[in-house]
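Student: give me the fold of what follows.
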Amino acid sequence: SSSNSSSSCVCNVSDTDVIYTYNFTWILNETSVSPIEYYETVQLVSAIQGIANRNSSNLFVFLTPSDEEWFSYVQTKWLSCCQRHAIDDLDHLIAVFSSLFQGVAIYDTNVYSTSLVASSLSGSFDLYPAANRPNAPDSIYKKLVVEMHLPVKYNLTGMFTGNVTSSKKCDAYLWAINELIVSGVCNAAVHGYMIDYFWTTAAAGKSRLANTIPNQDYVIANRGFFWDLDVWSDEPPNDDPTQRNGTDHNTLVAIMEASNNALKMSSLIHVVGFVPWAFKYVNDHHPGVATEWEMVLLLSAYNAYVDADACCIDSMANAAFFHNLPLQQRYVQVPPLTLQQLQNVGYVDGSNNNTIVKRMYVSMYVGDYDSAAWVYNELKDRWDNSDRGKVPLGWAIDAELSWRFPVAFQYMYDSLSANDRIISGDSGAGYLNPTQLLEPRKPSNYSDASALWVQHNTPLYRQFDQRFTGFLINGDAGQTTAQAESMYTPFSPLGVANEWNPAIPMTQMNGELPVFSQRDLPNDSDAAEHAKIIFSFYNAKSSDPQFFLWRNVLHDPTYYLQLQQQLSSLTGDKVVIVDPHVLSILARRFLNGPTSFQATYLPDNIPPFPQWMKARENKTPLPSPPTPGTFLPSGTTFNLTVGIRNDGWTAFSKNAWRVCAQVTSATNTEEKDDNMGTTTCVPLAATIAPGSSSSANTIVPTHIPQTAGVYRFVYGLSPTDNTTTTTLFGTPQVNVFVRVY
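Tutor: Predicted coordinates for the structure are as follows:
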């Protein structure tokens, strides 16, 4: 938590600090590589990636243009002390990592779903997945079983007849539920919604990189469960036209129910992937977006959210490699405009009790980055655009994408301009329908899961200093309710945005939470026409200021600069673009919400703990002794140095505010705004004026436990007099892992 930079090498020392690279671009040659060879080979390489990169980053594959674009940055930032060895060919790749595998899982090419069952078996039991094509000269089966004589641990060929569900496809999944989920062998909290072997029959004329076959590595690394099923119940899917209506749907429900039972309803389910609408499940009766909404409606009711690798930017080959690269536990965003700056630009009338000057204030939702694959393939060129920083923008990046692609987060926070604000996209740290977390939760009828959603989002928003959610997609679940909005108050206190509904106020307060309206601009880049659309929402007859969000998909900063210029030309200063945090404080002021006592904790002197997440998840031994500077000596007193930035409009008086700190159990995730129990509290070293950072750091002598281990270091501002009603708005406490040794 020291600064927005990270440069530690994460090579696995038992692998002699080597990063292996494999140039896999030959597989994209559609003339020489058939769809069958493509599917089987990419699936195999994904399995090798997943298992080779499970606990450390050992194998990087060059498949998509994005692999080349990002690798040089990754190498500089994380891998500077690693050797790089190029792998010659597929045989060499298999040989290098052969010791990690226990055998082969064979699947039935006549039952497409068994390809994904084999991938689930691969992650659970460290097996190579291979299609049952023993006589084909180019087959993976021939290479692994016939030539290398590897043991066949599972052979799914001919196992499924449709006698259970009317569908061979779905019988295979029901078998896998018992074999992997009910048995507890697989990780029921990670699912892959990725296309099965049916793709080999439908690939003609489609881009080789417009599918999710390469994306399997992350799910395999996490021992997850794969499926590819249609959510609709009123017609059979096009990949299994003879099944009874609803069989796919019912099978998906069975998977979700088994997963929730295995998890004891104690955590949410991370679904990586999306409806493969270029190939399946979509027709004139059930269009693409309607099918997406039906999928999310169902999954949300079953405690699942989506990392939405949607067509046709969906191929991502190296998430398992990336997921081990350590990020900081805490990043700090750039400050919003201060009260003085808002007065200077004419948004706030300092001569009239800081009233908000009448005009339309709009924020731009820069999307769609609710998918690791979309971030991987689409963000870098736009972020590198020379016009970035000239217009206030809300880059909507869902925080859970840091699990599959942490690189983008480090890249952004290394280079934030004063006009870049990182907010969350739909619908927080994962895409779901918020009201489907609240009863009655049809069709699952599960009990309320709002606490799980808060528990999931809080540490992710806190890590990236995100405090605003730009889009609550409720889809076919109907209008987002006040109760659903309230779930966001603890972790997204500066605001949320619903899809615009002319029947409700454009902006309103839900308690202390500002709730905005959001609408899409057309997908083209006609800035002049878009300025007219925005201006059409301006109400000249009203004497009040107005607030609104506008969403674009995959536009670059040059477009937004043109839009700002068009708005200025068309409206004068009647419509202005502001960043979402500024939009929030202006709306809160106008609607009598809180504008005082909002803070940001600046980088502190707590020792970094770069592998904090993996060390706990994998229960691997911590280094002993740990690297100097990465631990706190047991039984000592640590002088925590706290710097604070005042983002509100009222001073933090050194007589009225203090900083409280505590080292507590690693499992203690409680957020409290006042005394945290056994704490050390000291008054602020100096009063902090609005828009200023502390002129002197506050030193908090904090007791370090006697027993070595992993703990949480928690600190934050607290009123000196806890009997007052003074509250700290929109400021989560710092809560990071530390190593005590």
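
Student: for the stretch 601-741 of the chain, which segments count as strands?
Tutor: In the stretch 601-741 of the chain, the segments counted as strands under DSSP state E, counting those that start in this stretch are 637-642, 644-646, 657-665, 680-683, 698-703, 709-719, 734-740.

Student: for Ser66, which of these is the nearest?
Tutor: strand 734-740 (30.8 Å; Cβ to Cβ). From N, CA and C alone the C-beta is placed, and that goes for glycine too.

Student: quick one: mean pLDDT for the closest one?
Tutor: On average, the pLDDT along strand 734-740 is 90.

Student: off-centre distance for it?
Tutor: Strand 734-740 sits 22 Å away from the centroid of its parent chain (Cα atoms, centre = their mean, to the nearest Å).

Student: which secondary structure elements does that strand sit against?
Tutor: helix 450-463, helix 612-617, strand 709-719 (3 or more Cβ pairs under 8 Å, 6 or more residues apart in numbering; DSSP states H and E).

Student: next, count neighbours for Ile533.
Tutor: 14 (other Cβ atoms under 10 Å).

Student: isn't it up against Asp524?
Tutor: No. Counting by Cβ atoms under 8 Å, Ile533 stays clear of Asp524, with 11.4 Å between them.

Student: hmm, back to that, looking at the helices and strands packed on strand 734-740, which has the lowest confidence?
Tutor: Across the helices and strands packed on strand 734-740, the lowest-scoring stretch is helix 612-617, with a mean of 43.

Student: just to revisit the earlier point, what's the closest of the helices and strands packed on strand 734-740 to Met148?
Tutor: Once the helices and strands packed on strand 734-740 are compared by Cβ to Cβ, helix 612-617 is nearest, at 31.6 Å.

Student: most tightly surrounded among the helices and strands packed on strand 734-740?
Tutor: Highest mean neighbour count of the helices and strands packed on strand 734-740: strand 709-719, a mean of 21 (counted as mean count of other Cβ atoms under 10 Å).

Student: on contacts alone, who are the packing partners of it?
Tutor: Counting contacts by 3+ Cβ pairs under 8 Å, 6+ apart, strand 709-719 packs against strand 599-601, helix 612-617, strand 637-642, strand 657-665, strand 698-703, strand 734-740.

Student: how about those in CSV, adding distance to Ala396?
Tutor: Shown next, in CSV, are the helices and strands packed on strand 709-719 (distance: least, Cβ to Cβ, whole Å):
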stretch, distance to Ala396
strand 599-601, 20
helix 612-617, 23
strand 637-642, 30
strand 657-665, 32
strand 698-703, 34
strand 734-740, 24
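
Student: looking at those, which is closest to Asp67?
Tutor: helix 612-617 (22.5 Å).

Student: show me where the stretch 201-350 of the chain has its strands.
Tutor: Going by DSSP E, counting those that start in this stretch, the stretch 201-350 of the chain shows strands at 225-227, 269-273, 304-307, 348-349.

Student: now do the helices in the stretch 551-700 of the chain.
Tutor: For the stretch 551-700 of the chain, the helices defined by DSSP state H, counting those that start in this stretch cover 557-571, 580-590, 612-617.

Student: surely Tyr601 meets Val734?
Tutor: Yes. Contact criterion Cβ under 8 Å: Tyr601 and Val734 qualify, at 5.2 Å.

Student: find the residues that touch each one of the two.
Tutor: Shared contacts of Tyr601 and Val734 (Cβ atoms under 8 Å, 6 or more residues apart in numbering): 330, 715-716.
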